[in-house]
Every structure is written in structure tokens, then in C-alpha cells.
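Chemist: following is a predicted model, sequence given first.
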Amino acid sequence: MPRLLFAAVVCVSSAPASLAVSPAELLAMLDRSRPGLRAISTPHELAEYYRHRTRPLYRLSEKSSPPDIEAAGRALRHEFRSIGIPHTFGPRIDWTFDKTAEGGLAPNNEWTWQLNRHAEWLALSRAYRDTGDEKYAREFVAQMTAWVRDCPMPETAGNVPRSPWRTIETGIRAAQVWPELWFRFLRSPSMTDDALLAFLGAYIDHARHLMAFHTTGNWLAMEGNGLFHIGVLFPEFKDAAAWRDTAAGWIYAELDNQVYPDGVQIELASGYHHVSLNNFLQVYRIARLNDAALPADFLKRLEKMFDFDVYGATPARRLPVVQDGGYYDVRPALREAAELYPDRSDFLWYATDGAKGKPPAEVSHAFPYAGYFVQRSGWDPGARWLWFDGGPFGYGHQHEDKLQILLEAYGKSFLADPGNYTYERSKWRSYFIDSPSHNVVLVDGQPQRRRGARNRMEYVVKQPLPHVWATGKESDYVEATYDEAYGGSAGKGVQHTRAVLFIKPDFWVMLDRLTAIDGNEHTYEALFHFDCPVRADGLRVLTQNAGQPNLTLLARSGSDLSVKIVEGQEDPVQGWLTKGISAVRPAPVAIYRAQGRTAHILYVMAPAPAGAADPVRAVEPLGADPAAARIVFHDGRTYDVRFTPGKPAAFARSNRP
């Protein structure tokens, strides 16, 4: 039958459409060589077959969380919420509606797209699980059959605004939403033969759509997961083996295509790393549960993705906010990893919060392909921890933030990433993905500008980008360079090299070396975004956490150097962090400013535990070398530090009154 596609929108027809796949077509698609299928000749017999079959298996969620009665009640009243924005439909739900197209809201295509991930249907499922009240099943069947009627599969990929059939939603529904709905409501009195076969036909269309259209990156992980689930859960169809084999081939290839040798997913976003990892794991789980074939080394090849959790996590056991990724608690994933890889004592250590197993063999760690470098003092919750980004732009969900640092110590976040903000078209979204919201250097007020490649594969590296990394008992060192464009200029007028020396266990020395390769003078602004109150005292910035840990940031430069604190500024936007995914909060940013053809700015970052005073007495020049300094602490320690391009910084400690 013809598929309906009006411009960029999958239509809602005013008259009922034919079923996507008719019962007669379903019967014709059956693999009659399978036991139990030869005698099926009517739609009723097919529906009864599905109601009574005992395999394949699927694990439904149990009563492990509070009943979602309130959310299910909203679904009964057609009160829907997508990306945090509510809307109440009338008797008929328009699945192509976009609430953000109304006045007063920033445009955001995600509203329609995520509406079609059917979260409200899961709420109905769980309310039905917890109460047995048939009203939830009736409402699900009514909404589902209307969706099947009003949202026929398009002839194209459907990856356009207001489409219920983007391939990412198709994959998400097929693997992560619809299996629960199918098995939960299958034997409900409300699930008539017609409704069951309509649901089944729509499921088959999901397989057809994914076979015809698939993409790359984390989307392909979801598309492949969805297609594999359909092939496993509906083996009765002639094409089921092709669905399984095709999806397994995609997923297996993606373990190399979208995962670097160091274990980091190529989008370099903490949350999307786990989007891919979770979809890979879901393929493995459903295959293991139903004895479906996967390559023998599938699980072994997946192991390195958990290393990102182990070595990238903050002392609070969560991946930091990087790119379009939020904080991600790694412990649930590593609990599963501990079961999958019983020889990994570090996974078990994480899974049990140190009660069993052994802490990771390394303390500080480099992810050279991703360009992420983690310096830490140890594995205790109060460890001093710094994250350095010296890598590529990332395949997707990128922020303009090369050479950014993040810093946590004594259980407190000090230097922060601004966070992920909803994918709307607004000044806030623009700010949160650009350099001004990150701990980097602006040149002449202009941000880094790597975005704009014709092919996103240009952002994926075959070998690690140039860097220097060294880790040892007394210190860690990392160095990398940004030598691409700033602002709208295609030229590369300034080269920025940032080097960070961690003198264990308690402080860092960082050097920004800015060189005008175009021969012109420039203004350089080094940004430090804080997740706590601060005040400036000369070139010293001090956090103001009464009774809590604090950080001293003290800078010096051979050039004239100044610092100012900006917080909650809207024109231009500066001094904000995200609050959740769709709200903002003021937060101070310290901006160090220097001018010249070349500038060397050296910083000391010294955290102090709760109750301790500012530990740094002074940062003094060390001869005429702008890349060297003497750091004097109040307790008498003195460190002479000297940076040399391309080599780990040298330092010597002495004690003096």
C-alpha cells in the first residue's frame, strides 16, 4: 500500500487509514517451517498463537519502584510531557504536534520526536502492572491503535521535524519501549485480535523501516538494537533471521567504528558514550536470554568501554559533564560489568564501593584517542582530580572546548563544565555549546571554531592528536595544543598550548602559552568557571565555601595581567551554568586578561580541605623565563617549576622558613 508523506511531516489523516500490515499480509509472511505455524490460517489463530507462546523470553520490570500512578493518570487524561514541557490533547492525539512552535517557547524539534518515544505508554504499563486495573490497558490499546492508524510508515527515512518515524525513535521504540508494552498487555482483555495484529503489523513495519534506513554513531546503536530485538522477539517471520543477522553485523562493526581503541565512543560525550554502551549491552542481554547468535568475542570487545567509566569518573564515581553529556553515575554500569567480567577486580571494587575487589591498577590515566587525560591523587572520595581535554572535536554533540580543564577536590566541584542544555534554538543553547561557557582561552573575544566540516568523519581521528603525557609517583603532566581557527575567521592566527603539572598529592601548576603566528597583537582571555562563590584579591581568586573545602587560583604573567569576575550576565551571555537540562543558574567566571603577540600565563591551583586556610603565599618569578615560577606555600614548602615545550615540566622542592 502507498505510504503517506506530506513535505516534512508524517501526516495525521482525518479518516482512518488501512492497517500498515494487514492480517492477510502477516499470515503470508510467516515462516511455515517453524513448529506451531503450519496450521495457522486465520487472524484469530495468529492472535491466539501469540497469546499462548512461551518463547522467546523477555524480562518485564518488577515492582521495584513506586507505582507511577500519577503519570498514568495524566496519560488517561491525554496530558503529555515531552522534554519537560507539558501539553494536553483533546480526544484525539496529534503525534506530529510541536508544542514549542507556539509563541513564547524556544523552537525545539525534540518535543515531537520525544513524544513519539511513548513514555506515557510505559507509565500506563507500570500502573497496570501495579494495580491490575483494566482502564490502563484500555487506554493503551486506544492510543496505540490510533497511533498505528494515524502514523503510517513513510517512504523516506523520516529524519525530519515533526516526524514520528525518525530512525532513532524507531529503534528506541522497538528495543526499549514496545517490548514491555507487548508482553505486558498481550493477554489483557482489552487487547482484541484486531488490536494485537495492528500492534504486530506496526512492529513489522519498524523492522522494514530500519532495514531500509539507518545512520551512524549512537543512532546506529539504537537502530541496530531495535532491529535485533524485533528479529529475536518475532522469529516466526521469514525475514526474522535477516533482521537479526543484519543488526548483529551493524552492532559488531560499531564496536570498532564508533569506539576508539582507548574505549571512548567517538562522540566524546559522557552520556552518549553510555547510550551506545547500553544499546550494545541490550543486544547482548536479549541474545543471551534467547540463545540468539552473536560473534564469539562480542563481550570481550565491549569490555574496553567500561574502562572509560573506571578511569574517567570523578571521585564521586560519576563521569563528568563533557560535550552534550550530563553527569553519569558509573556504579550501576560497573555492577553489571562485574558480573560480565568476573576477572576484573576493579569492576567489582567499583560495584561494591570498595568492599570487595581491588582499586584500579592505575591512578591517573590517559585516553589518547579521545584526548581525555585524568590526573588524580588516589581513589578515595576526597581525592584531588583534574580532567584535561586535548583531543578531537568529536563525531557529534560537540562543544568548542579543546584544552578545557575540570577540577574537583575533597568532595567538592570547583572548575566546572557548564552542562548540557536542551537542544532548542536559543541564546542559551548557543552559549552552552560554545567556548565562552568553558574553561578555555578566547582570542580577541572570539571562541574556538572547529565546527563546519562537510563530513563529520573529519572529526574522528585515526591516531591520537599530538600531546605529551607522563604519570608517576610524584607528578603527572599533560600538554596539548589548539592551533585551529577562532571566531569566523578561517585563518589560524594564534596557537594556544596548555600544559598542566600535577604535583602530587595536592596542587596543580598550569601554563597557557599563546603565540601569535600571524605576527599581530591579540587580547587573550582565560576563563575559569566556578561551581561555587568566589572573590578576587589581586590576581588571586578564592572560593568562598564557608566550612567546606576551597580552592585558591593564583596567576602571574610576564605581560600585563588582570582578572575580573562575571556572574549572571546576559548581554553578552556569560557566567552561567545549567540547572537541569532546560534551566540556567548564575555562576561566577574568573576572566584573566592579557595582551600581546605572545603571552605566558602561569597559574597555581591549590585546593584546601574544610577548615584549612588559603595554602599559597606567593607565586614569584624565576629568573627571566616567563614559563617558570617559584611557588611558595604558607607551610614553608617551596617549588621551583619550569615548563619546556614538548617535555614534562621540571620541578624541585625545598623548604624554607
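Modeler: Done, it's in.
Chemist: identify the residues contacting residue 343.
Modeler: Shown here is residue 343, which makes no contacts under the criterion Cβ atoms under 8 Å, 6 or more residues apart in numbering. Yep, even glycine has a C-beta here, placed from its N, CA and C like the rest.
Chemist: tell me how far it lies from residue 317.
Modeler: Remark: distance between residue 343 and residue 317 (Cβ to Cβ, to the nearest Å) = 21 Å.
Chemist: quick check: residue 549 touching residue 606?
Modeler: No: applying Cβ atoms under 8 Å as the test, residue 549 and residue 606 come out as separate, 11.2 Å apart.
Chemist: what helices or strands is the helix or strand of the chain with the lowest mean pLDDT leaning on?
Modeler: Within the chain, no helix or strand scores below strand 328-329, which has a mean of 92 by mean pLDDT, DSSP states H and E. Secondary-structure packing of strand 328-329 (3 or more Cβ pairs under 8 Å, 6 or more residues apart in numbering; DSSP states H and E): helix 270-289, strand 318-319.
Chemist: for the last one, which strands pair with it and how are they oriented?
Modeler: Which is strand 318-319. Note on strand 318-319: by DSSP bridges, its sheet partners are strand 328-329 (antiparallel).
Chemist: hmm, who's touching the strand it pairs with?
Modeler: Strand 328-329 has contacts (Cβ under 8 Å, 6+ apart) with 270, 271, 273, 274, 317, 318, 319.
Chemist: could these go into JSON lines alongside distance to residue 218 and neighbour count?
Modeler: Listed next are those as JSON lines, based on distance: Cβ to Cβ, whole Å; neighbours: other Cβ atoms under 10 Å:
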{"residue": "270", "distance to residue 218": "12", "neighbour count": "29"}
{"residue": "271", "distance to residue 218": "9", "neighbour count": "19"}
{"residue": "273", "distance to residue 218": "9", "neighbour count": "28"}
{"residue": "274", "distance to residue 218": "9", "neighbour count": "22"}
{"residue": "317", "distance to residue 218": "23", "neighbour count": "16"}
{"residue": "318", "distance to residue 218": "19", "neighbour count": "17"}
{"residue": "319", "distance to residue 218": "15", "neighbour count": "23"}
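Chemist: turn those into JSON lines, including pLDDT and distance to residue 545.
Modeler: Formatted as JSON lines, these follow (pLDDT from 0 to 100; distance: Cβ to Cβ, whole Å):
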{"residue": "270", "pLDDT": "93", "distance to residue 545": "25"}
{"residue": "271", "pLDDT": "93", "distance to residue 545": "28"}
{"residue": "273", "pLDDT": "96", "distance to residue 545": "31"}
{"residue": "274", "pLDDT": "96", "distance to residue 545": "30"}
{"residue": "317", "pLDDT": "96", "distance to residue 545": "21"}
{"residue": "318", "pLDDT": "96", "distance to residue 545": "20"}
{"residue": "319", "pLDDT": "97", "distance to residue 545": "24"}
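Chemist: for the nearest residue to residue 587 once chain neighbours are set aside, report the pLDDT, please.
Modeler: Once flanking residues are discounted, residue 587 sits nearest to residue 577: 4.2 Å by Cβ to Cβ, 6 or more residues apart in numbering. Note for residue 577: predicted pLDDT of 97.
Chemist: same question, residue 63
Modeler: Per-residue pLDDT puts residue 63 at 69.
Chemist: following the helix or strand where residue 641 lies, which helix or strand comes up?
Modeler: Assigned by DSSP states H and E, residue 641 falls within strand 637-644. Following strand 637-644 in sequence order, the next helix or strand is strand 647-655 (DSSP H and E).
Chemist: what residues sit buried inside that following strand?
Modeler: Across strand 647-655, burial judged by 16 or more other Cβ atoms under 10 Å covers 648, 649, 651.
Chemist: who's in contact with the closest residue to the last one other than its chain neighbours?
Modeler: Meaning residue 651. Nearest residue to residue 651, sequence neighbours excluded (Cβ to Cβ, 6+ apart): residue 641, at 4.5 Å. Residue 641 sits next to 501, 503, 509, 622, 628, 629, 630, 631, 649, 650, 651 when contact means Cβ under 8 Å, 6+ apart.
Chemist: among those, which one sits closest to residue 350?
Modeler: Using Cβ to Cβ, residue 503 comes nearest to residue 350 of the contacts of residue 641, at 27.2 Å.
Chemist: go ahead and confirm that closest one touches residue 472.
Modeler: No: applying Cβ under 8 Å as the test, residue 503 and residue 472 come out as separate, 11.0 Å apart.
Chemist: who has more neighbours, the two?
Modeler: With neighbours defined as other Cβ atoms under 10 Å, residue 503 and residue 472 compare such that residue 503 has more, 21 against 10.
Chemist: the closest residue to the more buried one other than its chain neighbours - how many residues pack around it?
Modeler: Once flanking residues are discounted, residue 503 sits nearest to residue 475: 5.4 Å by Cβ to Cβ, 6+ apart. Neighbours of residue 475 under the rule other Cβ under 10 Å: 19.
Chemist: do the same with the one 5 residues further on
Modeler: Residue 480 has 23 neighbouring residues, counting by other Cβ under 10 Å.
Chemist: and if you look at residue 170?
Modeler: Residues contacting residue 170 under the criterion other Cβ under 10 Å number 29.
Chemist: OK, contacts around the most centrally placed residue in the chain?
Modeler: Residue closest to the mean C-alpha point of the chain, counted by Cα atoms, centre = their mean, is residue 271 at 2.0 Å. The contact partners of residue 271, by Cβ under 8 Å, 6+ apart, come to 319, 324, 325, 326, 328, 420.
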